[in-house]
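Colleague: this one's sequence-less:
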């Protein structure tokens, strides 16, 4: 069985594949101070709760955008699972040519997202990943990774509003029933949600125009279902796209 781990700046997603079947997946807070032993014990506990045998794991693939955690996760894999993990980066042969310059600047999560999107939905396509930053990735009709757009995530925008405006509270990010808020919290939620949907849709409109044709638009990441509800362009929400991409890249390297 294959354990895949997507380490983001805010959240870490884990999944277990038995062949092509995703048997379990979890989303955790990325704790940079957590030791390799803590990661190992925590992961074993998740396996136990899901009724999985950690000894059945014979391979691990990792996409990380937090370099300080790489050694910690490598040690966890070697000590607790007795395997050397595959860390995905631009040097791995994924079957998707990277035209971004320099290729080393493309995050591992963006690479595996592109691999999974092409495999599952075809090209051309655009992947929107709602993480700490929201990334937009463009793949052309021949399956080449062109590049994309990076914007602050909606949670960063919300936190900045709370921290920089003395009289404004921290609010839950949700879709308000109406645009015109009748109280401060409602007004802030409206601005955050509809403002962000407007940002997403305008960027997507411009990317679709540049790509030409009819690219499919796939959203992933923790807030993808929420933002996609208000978008005119997002067709598909695939919350496990990154995990699937890690599996596909691992299978290709075998």
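Modeller: Sure thing, it's come through. Just so it is clear, the model here is predicted, and its values are computed rather than measured.
Colleague: for the longest helix anywhere in the chain, what is the distance to the chain centroid?
Modeller: Using DSSP state H to define each element, the chain has its longest helix at helix 184-211. A distance of 19 Å separates the centroid of the chain from that of helix 184-211, by C-alpha atoms, centre = their mean, to the nearest Å.
Colleague: what is that helix packed up against?
Modeller: strand 125-130, strand 133-139, strand 145-152, helix 154-164, helix 224-228 (3 or more C-beta pairs under 8 Å, 6 or more residues apart in numbering; DSSP states H and E). Yep, even glycine has a C-beta here, placed from its N, CA and C like the rest.
Colleague: pick the most deeply packed of the ones you listed.
Modeller: Ranked by mean neighbour count, those are led by strand 125-130 with a mean of 26 (mean count of other C-beta atoms under 10 Å).
Colleague: which strands and helices sit next to that one?
Modeller: When contacts are defined as 3+ C-beta pairs under 8 Å, 6+ apart, strand 125-130 packs onto helix 108-121, strand 133-139, helix 184-211, strand 216-221, helix 224-228.
Colleague: nearest to residue 31, of those?
Modeller: With respect to residue 31, and counting by C-beta to C-beta, the nearest of the helices and strands packed on strand 125-130 is helix 108-121 at 18.1 Å.
Colleague: mean confidence (pLDDT) on the closest one, please.
Modeller: Rounded to a whole number, the mean pLDDT of helix 108-121 is 97.
Colleague: what of stretch 231-247?
Modeller: pLDDT averaged over stretch 231-247 gives 97.
Colleague: quick one on the thing from earlier: check the helices and strands packed on helix 184-211 for me: which has the lowest mean pLDDT.
Modeller: Among those, helix 154-164 carries the lowest mean pLDDT, a mean of 87.
Colleague: and residue 10, what is it in contact with?
Modeller: 29-30, 131-132, 153, 155 (C-beta atoms under 8 Å, 6 or more residues apart in numbering).
Colleague: would CSV of the helices and strands packed on strand 125-130 with distance to residue 14 be doable?
Modeller: CSV is the format used below for the helices and strands packed on strand 125-130 (distance: least, C-beta to C-beta, whole Å):
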stretch, distance to residue 14
helix 108-121, 14
strand 133-139, 20
helix 184-211, 27
strand 216-221, 15
helix 224-228, 18
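Colleague: just confirm residue 85 contacts residue 74, I think it does.
Modeller: Yes - with contact defined as C-beta atoms under 8 Å, residue 85 counts as touching residue 74 (5.9 Å).
Colleague: what about residue 91, which helix or strand?
Modeller: Following DSSP states H and E, there is no helix or strand that holds residue 91.
Colleague: that one - how many residues pack around it?
Modeller: Residue 91 has 9 neighbours, counted by other C-beta atoms under 10 Å.
Colleague: likewise residue 131?
Modeller: Look at residue 131: counted by other C-beta under 10 Å, it has 22 neighbours.
Colleague: and the residue nearest in space to the middle of the chain, what pLDDT?
Modeller: When C-alpha atoms, centre = their mean is applied to the chain, the residue found nearest the centroid is residue 221 (4.6 Å). Residue 221 carries a pLDDT value of 92.
Colleague: swap in residue 254?
Modeller: 83.
Colleague: kindly report the same for residue 45.
Modeller: 93.
Colleague: next, the buried residues of the strand or helix carrying it.
Modeller: Assessed by DSSP H and E, residue 45 sits inside helix 36-50. By neighbour count with 16 or more other C-beta atoms under 10 Å, helix 36-50 contains the buried residues 36, 39-40, 42-43, 46-47.
Colleague: nearest to residue 115, of those residues?
Modeller: Nearest to residue 115 out of the buried residues of helix 36-50 is residue 43 (C-beta to C-beta; 24.1 Å).
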